[in-house]
Structure formats: structure tokens, C-alpha cells
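Trainee: take this sequence and fold it.
(chains A and B)
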Number of protein chains: 2
Amino acid sequence: MVPHLTTALTGPLLSLEQRMLAAMPQIEHWFRSQWAEYSVPFYASVDLRNAGFKLAPVDTNLFPGGFNNLNPEFLSLCVQAAMSAVEKICPDARRLLVIPENHTRNTFYLRNVAALTNILRHAGLEVRIGSISPEITEPTYLETHDGGSILLEPVQRKGNRLVLENFDSCAILLNNDLSGGVPEILQGLEQNLIPPLHAGWATRRKSQHFSAYNRVAQDFANLLGIDEWLVNPYFDTCSGLDFHARVGEAELAEKVEQLLAKIRIKYAEYGVEQEPFVIVKADAGTYGMGIMTVKSPDDVKDLNRKQRNKMAVVKEGLQVSEVILQEGVYTFECIHDAVAEPVVYMMDHFVVGGFYRVHTGRGVDENLNAPGMHFEPLAFEKPCSLPDCAGAPDAPPNRFYAYGVVARLALLAAAIELQEHDPDQ
Amino acid sequence: MVPHLTTALTGPLLSLEQRMLAAMPQIEHWFRSQWAEYSVPFYASVDLRNAGFKLAPVDTNLFPGGFNNLNPEFLSLCVQAAMSAVEKICPDARRLLVIPENHTRNTFYLRNVAALTNILRHAGLEVRIGSISPEITEPTYLETHDGGSILLEPVQRKGNRLVLENFDSCAILLNNDLSGGVPEILQGLEQNLIPPLHAGWATRRKSQHFSAYNRVAQDFANLLGIDEWLVNPYFDTCSGLDFHARVGEAELAEKVEQLLAKIRIKYAEYGVEQEPFVIVKADAGTYGMGIMTVKSPDDVKDLNRKQRNKMAVVKEGLQVSEVILQEGVYTFECIHDAVAEPVVYMMDHFVVGGFYRVHTGRGVDENLNAPGMHFEPLAFEKPCSLPDCAGAPDAPPNRFYAYGVVARLALLAAAIELQEHDPDQ
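Mentor: Numbers count the residues shown, from 1 in each chain, chains lettered A, B, ... in the order given. I've put the predicted structure just below:
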């Protein structure tokens, strides 16, 4: 089952997918040359929005948390890509310590940890899971409530090494996005941390990512001879905000208006009849907290206490003073009456699968990765690497190929972003 | 459907598979370190024989010809591995010229060419097929008789480049094993030839391959703490032969006797009750010509004219003066009453699939890749990278993992062999 596009305005997207199909050898050659220049992250997932007239990434996660949602039929693709990733990033590793998030009660997340460690074990690593949660004080089996369980062990700091009982690994894989800052126990380690600490939300900024993405999208658009906007959402930033004290509201409202005006021009150019909107979200952070859908500057003025509280903090109590204003991209993919948003998974620079977040209770202009959100994952039926050049541009394998291309553009932006903001450079 | 082992003597093999499963992280780590040292061939296939008590490669093909026999469900694995291979060996390539064998009437082979070019196109290359056959004088569509067709174009030599009409590629992929020697048109090219010319049978010797394999198998056996013989067939060589003139028969008979004696000792050690046998085949060459199954020195003495003719020439009329004597390994895998021999396919250093040659009319001690041979290919049901550590050692995914390991040992031997015999070194 593959979601269908509900918009009538598929012209520009079909033409975009058609161009990608026709330019496949050029696209792949271009990616090869890019990967020769930039170090690819070990893994990533990219949230896409498919508006029919536009296909763009809206979030790039360097600590992907949904490996359990991928199609099990393509596990071997993950294993093979993981082998490549290990070869590039930690070729000498025999053992790998995985540090997950501290949500030990989220069984969906625990299933992700189980799926991820399963992939890494099949790639030929001895893998154990070390928790930095204060709740894990002894080796603890946690039920994943799908018939499995995982063993979490408390990490121990020994000098500049993080170890488990009888387990000293030369590399550590983080599946923890460090939203609450970099805990002391992870600082100054001599082991190879993957991804590096500065990929965590304690350091990373969405605006830095999308700034790198601007350049990637521009190059890609030149390669294909297309309007960059078809794969790139406009964005702006606003800093020095204090939602509680209502500092910065006017500036934010003005920037919202400017961004809406830019989008309106593009919508007019392409004959899009929907209302432009902007997503305002914390520049550092994740898990869909601190996010607003804004259709008018008034929407960010005179926020009530509840709205201000919602925007003021993200995960782990982090205060929000910097936000990114991102052009909202409509999601026009639906299954029955539910909105579906594709999420593409990559290991090394290979697209290893993906799934749709299918959400019945939300609108086409809302963020689908929001607090308390319950989505049904729908695994991609087919790999993203097998376009059918003889098929229609919107045939599922071709749509998946386009998703894989745009997701890899975001991955490349992440690679550039990490290189540019590497504190050791 | 997976063939079953018909021998009762599965003890040592089960123990071998069990050791491989248990040592999987060490094995994969060891392979990673080997691939850091040796350049992996672009692609290869390895014929294995599974005797229940022994699992060994008997032939390594650097111009694999059965991509059409792989499970189409794992096409994406091939594409991903091909991307890796291209990245390593010809990262700058946009276009790839494929040079197939000259058998333009063998529709099975043509299907292989179609399958291979399909993989390469999905890996993002512009691929065209250039024939060096004198029969192809203009662009010619050949029917593959499975509903498809392929376009063969005559190659043109322009200076030191091989081109097609409006098609100049920076790399050339050979799917032609050069059994008849290196044609002049392929000599002195400035383009990157993959694999290199010295991988062809004009230069390559089976004995050089198995000499490298001896070292690989020894290292691997040390790693696992097993008897090397369990994965390595004994071999010897005999040169200066002239089957027509009956020169060298006595020496050959003596070497057969010595080899049989060595095998007898091992069979006694492991309680194998079958009769030892030796395969005598041309040291250079392929396609199952010039091959004999020998159970006694007398079998190579007093050959009749027909037998001598059969041994004297291989493909394309090449004279045989050097042979390899290889310990015969029984095939104890059967489907219904048919003998089944696994063939494992690799691109870059990844196992991308395989199939069984299922042959009803042949014995367990005969070569299944023989002239006039008709086999039914049975694609591997599962990838070779997903062992089920909780399952029995002979559960299909685990048997496939063992096949993938032994095939990669042979691939590594090929890498070493090509490096050692590189004329430019």
C-alpha cells in the first residue's frame, strides 16, 4: 500500500520526478563526487513533505529513532550499508557501545534500539547497550512489548573511556540526540564517538543545517536546471527571544510576514491556491516540542500563557531563545483520510528504507512529529534505489527514488554542516 | 525451497557453521582489515561444494555470468553494492562500456548481460554494451527470449580509446573472460579496464588462485581454530603436458596418486567413507571444458582418443599443457533427486546473492559446470548476510551465511592473486 497524492496540482512535482529520473546517471555521479569531498554521517533520517508541487526535507535527524518501522524485507540493505559505514568511520572496531536515549519507558523507542543493534550485529560487530540514564543502575532487561527485550547496562567511566562490565569498545554509537546538553560522562572521551558530540542538539542548530542545505539545493537545482524552490523551503531565524517575558514578539511577527510574502510570490508563480504558512520551531531541539503553525503575523503576537509555555521549552527543559521560521510545506499524501509524511532512513550514504508517518487526527499543514503524537508507521514497500524508468513518474518506485534523492540532499547538507561546525577544525 | 543435505556425515560441517556463527564479529572484523589491505575485484562469483563434512570453493570467476539467476527481490542489494564498487574503482565514471562474451546466440548469457546492465544503470551509470564479436558489425538488438532484448553495438577503436557511436566512457567493464587471449583491440587502452586484463584466462591460472587461497584459508583457520582442510581442497599442478602426443601422462598419474593418498588420510581422520577423487582441469580456462573426474591414477593413463581430445583444448581452441589437480569435494546437497551446487555472487566485497545449479543427470562427484550442461538455477531464497544466531547451525540463513563467508575467502584470494600477478607492479 502506498499513499496517494490528493492534490490536483501535481504538475510541477511530476515534472520534478521526471527530471530526476531522466537525470539519474548525472545525479548519482554528482552524489559520488560530493561524497568524495565530505564525510558522510554514520546514519540519519530525513522527514520529507510532499506537497505535489514541491518535495522538500523539513527535518534531518542525526540520531534516527525509527529503525523498527522499516520494512523487514530490506534488513539486508541496512546490514550492507552498516558494513560500509563501519568501514569508513570505525574500520578497526570489533565492539560497539550503543548509547540510547534515556526514555526507558517508551517501548516504541526500545524497539528502535533493538532493531538498530540487530542491524549492527549482523554487520559483524559485538554490540552492547550502555545507558547513561540515572535509572539504570544495574544490567536491566526491558520488554519491547513485541515479544522481545533488550539489555541495558549502566555505563562506567574509567579514565577517559566509557565501558561496560567486561566490555571496552573502541567506538561508541550515540542514538541520543543530547537535547539536554552533553552530559559530563560523555565529555573528553578518547573513544571514537559516532556521530561526534557536535551533532547533538546541545550544539547543532536547524538554521545551520538549512543554511548548508541552501547551497546543496542550489547546486542540485543547477545540475537539473530546475527552480531550487521546488526542493527547498524558505527559512529565516529569530534570536534573543523570551516567550515568557514576551521579548522579541514584534521582530518575530515581522519576519513571519516577510517569509509569508516570499512564499506568496512563489505560490502565485506556480498557481498554488493554498494559503501559505510558516512553521516556527526551536532552532535547537527536536521531538516536535516548541512548534507552531503560523498563517499570519498575528499568530505569534499576543500568545496566551499556554501557547507561550509550549514554545518556551523543548525536550529536557531546554529554554528556547532562538527559533527557525521555516516555510510550511503542505503534506498532500494521504492514506484513506489520514495524512502521511515520508521519513527516509540512510546509513552511510545509502538509502536503506523509510516509512510513512500516518496520522488521522492532523491537518495537512501541521507538524506530524508533535508531542503526544500517535502515528501508524507504514513501511515503504520498495527500496528507493530501483526507479522504473519505463513507468510513470509517479509510479511508487519512482516516487521513492525521488524521496531518496531529496533525503540524500539533506544528508549531504548535514555532512557539510558537521564539517563546518566541527570544533576541532 | 532450499536443498537439503543428503549425507549423514554433517557433524564437522555443523561444527564449522556453528563456529562461523559464533565467531561472526571476529570474521567480519578480519574481513574488514583484509579489505583495507587488498583491492577487492569489482565483481566475482564463486562455485562452492558442500560435502557436509567440508565446505570449499572450487572455482572463482572474475567475469561472472549468471546475474539473471539471482533472486530479483534482492536487486537492491546488488545496486547498493555496485554503487560501492563504482565508488572504489571508477569514482569519476559517468558512462560505462560493458564488453560481453561473444556468445551472441546463448540467450541465457544474454539475460545475464541484461541483468548486469540493469544493476549498473540503477547504480547511476549510463551503460552501453559494446561487442568485440566480428559478427556484430552494426547496432543489433538481440532477443533474450524472456520478453526482453539487449542492444549490442560494435566497438570502435579510436587511438587508445574504445568507443561506441557518440559514447566515450572513462571506464570499461569486461564481462568477457579472455579465454582466447587478449584481442588486439583491448590492448594498450588508456581507459580504466575493470577487471584488469590480467584477470582474464589469457594470463590467469587456477593454481595461482588456489595458492593464494591456501594462505587465506590458513589465516582464516587460525582465526577460527579449525582444521584448514575443512574449507580448503588440496591441489597440485602438472605442466608440460601434451594430451594428443601423450606426453606427461606418467607424471600426471603419479601426482594423482599422491593427491589421492593425502585425501585418504583426511577421510580416515574424519571417518568419511566415500571414495576420494580428484578433478583434473586446465589451469587456464573455464566453461567446464577440459575437465576429468579421476578416482585412480589409471584414469589418466591410456586415455582414448575422445578423452584426449576433450582434455586437449578448452574454450576458443586454447591448447592445454598445464593442468590443476584439485581434491574433489562431494556435493551432498540435493533437491528431490537432483544434485545442487551453490554459486555465490559478490560485487565489491559484498555478497549480493547466489543460486544453486540444480542438475538431475549428474553424480555427486562430477563437475556441474560442464559442456552441454543444462542446469536449473534456483535463486537463494534469502540474503547471505542475515544469519539467525538463535536458529540451528544448518538453518537456511545460517547455511547461506557460511556460504557467504567461504565465498569471500575465495574473493580475498582473488584480490591477492591479482595484486601479486599485476604486470605493472
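Trainee: show me which residues of the stretch 301-425 of chain A sit near chain B.
Mentor: Contact residues (C-beta under 8 Å from any C-beta of the partner chain) of the stretch 301-425 of chain A with chain B: A:350, A:383, A:385-387. Placement of C-beta: from N, CA and C, glycine included.
Trainee: and the strands in the stretch 201-350 of chain A, which stretches?
Mentor: A:235-238, A:278-282, A:291-294, A:323-327, A:333-335, A:338-347, A:350-359 (DSSP state E, counting those that start in this stretch).
Trainee: got the CA coordinates for the fourth one in PDB?
Mentor: Backbone C-alpha positions of strand A:323-327 (Å, rounded to 0.1, in the frame of the first residue of the first chain) are rendered in PDB as follows:
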ATOM      1  CA  VAL A 323      13.800  29.900  16.600                       C
ATOM      2  CA  ILE A 324      13.800  29.000  12.900                       C
ATOM      3  CA  LEU A 325      10.900  30.100  10.800                       C
ATOM      4  CA  GLN A 326      10.500  27.600   8.000                       C
ATOM      5  CA  GLU A 327       8.300  27.800   5.000                       C
END
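Trainee: can you read off the pLDDT for the residue in the stretch 151-300 of chain A that chain B sits nearest to?
Mentor: Nearest to chain B in the stretch 151-300 of chain A, going by C-beta to the nearest C-beta, is A:Cys170, at a distance of 10.7 Å. Listed pLDDT for A:Cys170 reads 91.
Trainee: what about the closest residue to it other than its chain neighbours? Give its phi and psi, please.
Mentor: Using C-beta to C-beta, 6 or more residues apart in numbering or on different chains and skipping the chain neighbours, the partner closest in space to A:Cys170 is A:Ala93 (5.2 Å). Main-chain dihedrals, A:Ala93, degrees, to the nearest 10: phi -70, psi 130.
Trainee: how about A:Ala395?
Mentor: Per degrees, to the nearest 10, the backbone of A:Ala395 is at phi -60, psi 140.
Trainee: check contacts around it.
Mentor: A:Ala395 is in contact with A:Asp388, counting by C-beta atoms under 8 Å, 6 or more residues apart in numbering or on different chains.
Trainee: on that earlier part again, the residue nearest to A:Cys170 contacts A:Ala171, doesn't it?
Mentor: Yes - in this structure, A:Ala93 is within contact of A:Ala171 by C-beta atoms under 8 Å, at 4.3 Å.
Trainee: these two - which one has more neighbours?
Mentor: A:Ala93 (25 against 21; other C-beta atoms under 10 Å in any protein chain shown).
Trainee: can you pull out the strands in the stretch 1-150 of chain A?
Mentor: A:4-5, A:43-50, A:55-61, A:95-100, A:126-131, A:140-143, A:149-154.
Trainee: between those, which gets nearest to A:Pro195?
Mentor: Closest to A:Pro195 of these is strand A:43-50 (C-beta to C-beta; 8.1 Å).
Trainee: which helices and strands does that closest one pack with?
Mentor: Taking 3 or more C-beta pairs under 8 Å, 6 or more residues apart in numbering or on different chains; DSSP states H and E as contact, the helices and strands that strand A:43-50 lies on are strand A:55-61, strand A:338-347, helix A:396-420.
Trainee: any chance you could map the helices in the stretch 151-300 of chain A?
Mentor: A:206-224, A:249-270 (DSSP state H, counting those that start in this stretch).
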